[in-house]
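Chemist: Fold the following.
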Amino acid sequence: MSTQKQLRFNAFNMTAPSHNWAGLWSHPRDASINYNTLDYWVDFARTAERDLLDGIFLADVFGVYDVHGGNADTAISTAAQLPNGDPTLIVPTMAHATKHLGFGVTANLTYEHPYQFARRFSTLDHLTGGRVGWNIVTGYLDSGARGMGHAGIRVHDDRYEAGEDFLTAAYKLWEGSWEDDAVRRDRAARVFADPRKIHRITHDGAYFKVDGIHLSEPSPQRTPVLYQAGTSSRGRLFAARHAEAIFINGQTKPILAEGVRKIREAAKAFGRAPHDILTFAGATVIVAPTRAEAKDLHEEYRRHVDVAGQLALVSGWTGIDFSTYDPDQAVEYVKSNAIQSMVENLTVLSDRPIKVRDLGTLDWIGARSPFIVGSPQDVADELIGWARDADLDGYNLFRLVVPESLNAFVDLVVPELQSRGAFKTEYGEGTLREKLFPGRGPRLHGTHPGAAFRHVGGGAVDASGGRLAGQL
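Modeler: Have a look, this model is predicted:
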């Protein structure tokens, strides 16, 4: 007799008035207009933990959506992910208000340096008690590159090469600079840390250079849980090598299933077990006590989605200016320097032509991922079915109307899933990594490439077996 897989869920949000669905901030019951207040985030976190969600996943984007129409006017007027705040700053407050909830934080490595970045995430890991993860992104908006003083964004595959370099330097700092017993906190001897057990890290990469000691003492997880969303050919290799959890989208089960299969196959090529990587699909869920009520709620929400704002988002995600298309024109494949996998999903991988007007509609096509409307029983059936057929481990629940959509999910869907054995009834103990991978401990799994940079003997060891740095 087969055992029902227990699903995992993250509440997906962004420090902005609009996230995946532009315009819903205008709904009279939506609180997202207060995105820049701590009360909003504390309430959101407490709701997510109330019924055992695994975490809050915070999206972020660096730049503005100015592909649509060649300017940012539509994004500005509709609040299409603009304005937006720094997601790292709200995490400690949410962590202080909760005990078990994890926090996945998106951060763009292209405009960071490993030395300062490693300290920031070590600090977050300390302040959350080991409940933080990093969603590794390399950016896709030219506007962000220009804002940072560059002529434009790096070519798609080059962004991942830079990511490899960044992560190598970060692993050295997180895993190899401080030995486990370096910190003594010995008041009597007046010794806080042993200099002999703290090591200078050197890294001379093509994109990043480091020469120094990691500024933070070891945090509970050292390296944060690593999330990634790359499912293009190059992105998939990057994710299969580094990610512990991957976010994948696709509007049909075959698209999702094939994406998951390729990721798991690629993981094996790097010496990792296929299920060393958890897979999460985005999901838009509209649930009410009855199917009829859920359909009415869907129609109500649909009226508040801003079509122009939604097209501004999709134009930025794909790198295609949909303001130049006729609404009834089918989306066609264009080689993109933005999110290549999204362009492929909407065109060559789709089982039917997708029209431009579909992209701005609150339905399964516009969602680009599982879109579920119904009673608690309907929603549970669909979530279990998608996970079974596409080999998913869980879902990122797209933000709709806050807080009612999340409240409805935790009040209606969670008990239904629990009654079927498809969702946990209590939190496990430990760090975010220990909760996601029970029995493995708080550190990176031994098959993960970052584990090769742990301190061994007289110095930290790099992936090729050479010493990273001598003792101070």
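
Chemist: and the most centrally placed residue in the chain, what are its phi and psi?
Modeler: In the chain, the C-alpha nearest the mean C-alpha coordinate belongs to Asn135, at 4.4 Å (C-alpha atoms, centre = their mean). Phi and psi for Asn135, reported as degrees, to the nearest 10, are phi -90, psi 110.

Chemist: which ones are touching it?
Modeler: By C-beta atoms under 8 Å, 6 or more residues apart in numbering, the contact set of Asn135 is 57-59, 104-107, 227-229, 247. (Each C-beta comes from the backbone N, C-alpha and C, glycine too.)

Chemist: ok, these vs Asn407, which is closest?
Modeler: Phe57 (18.0 Å; C-beta to C-beta).

Chemist: wait, is the closest one part of a strand?
Modeler: Yes - counting by DSSP: H, G, I helix; E, B strand; the rest coil, Phe57 falls inside a strand.

Chemist: pretty sure it contacts Asn10?
Modeler: Yes - contact status for Phe57 versus Asn10: in contact at 4.0 Å, counting by C-beta atoms under 8 Å.

Chemist: who touches both of those two?
Modeler: Common neighbours of Phe57 and Asn10 (C-beta under 8 Å, 6+ apart) are 104, 396.

Chemist: one step back: take the contacts of Asn135 and keep only those in helices.
Modeler: Using DSSP state H, no member of the contacts of Asn135 sits in helices.

Chemist: Can you flag the buried ones in these?
Modeler: 57-59, 104-107, 227-229, 247 (16 or more other C-beta atoms under 10 Å).

Chemist: Quick one, which of the residues you listed has the minimum pLDDT?
Modeler: The lowest pLDDT within the buried ones among the contacts of Asn135 belongs to Ala229, with 84.

Chemist: Please list all residues in contact with the closest residue in space to that residue that isn't next to it in sequence.
Modeler: Distances taken as C-beta to C-beta, 6 or more residues apart in numbering put Phe247 closest to Ala229, at 4.3 Å, once the chain neighbours are dropped. Phe247 makes contact with 57, 135, 227-229, 280-282, 396, according to C-beta under 8 Å, 6+ apart.

Chemist: And the strands in the stretch 251-400 of the chain?
Modeler: 278-287, 371-374, 394-397 (DSSP state E, counting those that start in this stretch).

Chemist: most packed of these?
Modeler: Mean neighbour count (mean count of other C-beta atoms under 10 Å) peaks for strand 394-397 among the strands of the stretch 251-400 of the chain, with a mean of 26.

Chemist: Alpha carbons of it, in CSV - could you do that?
Modeler: Taking Å, rounded to 0.1, in the frame of the first residue of the first chain, the C-alpha atoms of strand 394-397 are listed here in CSV:
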residue,chain,number,x,y,z
GLY,A,394,5.2,21.2,-2.9
TYR,A,395,3.9,24.6,-4.0
ASN,A,396,4.6,28.3,-3.8
LEU,A,397,1.1,29.8,-3.1
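
Chemist: Packing partners of the next helix or strand after that strand?
Modeler: Once strand 394-397 ends, the next helix or strand along the chain (criterion: DSSP states H and E) is helix 404-408. Under the contact definition 3 or more C-beta pairs under 8 Å, 6 or more residues apart in numbering; DSSP states H and E, helix 404-408 sits against helix 38-50, strand 278-287.

Chemist: If we use 10 Å, what do you get?
Modeler: strand 8-14, helix 38-50, strand 278-287, helix 291-302 (3 or more C-beta pairs under 10 Å, 6 or more residues apart in numbering; DSSP states H and E).

Chemist: Dump the ones you listed into JSON lines; add distance to Ala151 as well.
Modeler: Below are the helices and strands packed on helix 404-408 laid out as JSON lines (distance: least, C-beta to C-beta, whole Å):
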{"stretch": "strand 8-14", "distance to Ala151": "28"}
{"stretch": "helix 38-50", "distance to Ala151": "36"}
{"stretch": "strand 278-287", "distance to Ala151": "32"}
{"stretch": "helix 291-302", "distance to Ala151": "40"}
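
Chemist: Mind putting those into JSON lines with distance to Gly70 and mean pLDDT?
Modeler: Putting the helices and strands packed on helix 404-408 into JSON lines (distance: least, C-beta to C-beta, whole Å; pLDDT from 0 to 100) gives the following:
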{"stretch": "strand 8-14", "distance to Gly70": "24", "mean pLDDT": "97"}
{"stretch": "helix 38-50", "distance to Gly70": "33", "mean pLDDT": "97"}
{"stretch": "strand 278-287", "distance to Gly70": "28", "mean pLDDT": "96"}
{"stretch": "helix 291-302", "distance to Gly70": "28", "mean pLDDT": "98"}
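
Chemist: Met148 is nearest to which of the ones you listed?
Modeler: strand 8-14 (20.1 Å).

Chemist: relative to helix 38-50, how tilted is that closest one?
Modeler: 170 degrees (axes from the mean of the first three to the mean of the last three C-alpha atoms, to 10 degrees).

Chemist: Pull the distance from strand 8-14 to the chain's centre.
Modeler: Counting by C-alpha atoms, centre = their mean, to the nearest Å, strand 8-14 is centred 9 Å from the centre of its parent chain.

Chemist: strand partners of that strand, parallel vs antiparallel please.
Modeler: strand 55-59 (parallel), strand 394-397 (parallel) (DSSP bridges).

Chemist: what sits against Thr138?
Modeler: 108-111, 153-154, 156, 158-163, 166, 228, 230, 235, 238 (C-beta atoms under 10 Å, 6 or more residues apart in numbering).

Chemist: what is the residue nearest to the centre of the chain paired to in the beta sheet?
Modeler: Under the criterion used (DSSP bridges), Asn135 bridges to Thr106, Tyr227.

Chemist: excluding its backbone neighbours, what's nearest Val314?
Modeler: Leu359 (4.8 Å).

Chemist: so Trp41 sits right up against Ile90, yeah?
Modeler: Yes - at 4.8 Å, Trp41 counts as touching Ile90 under the criterion of C-beta atoms under 10 Å.

Chemist: just the strands in the stretch 51-200 of the chain please.
Modeler: So, for the stretch 51-200 of the chain - with DSSP E, counting those that start in this stretch - the strands run 55-59, 102-108, 132-137, 183-186, 191-193.
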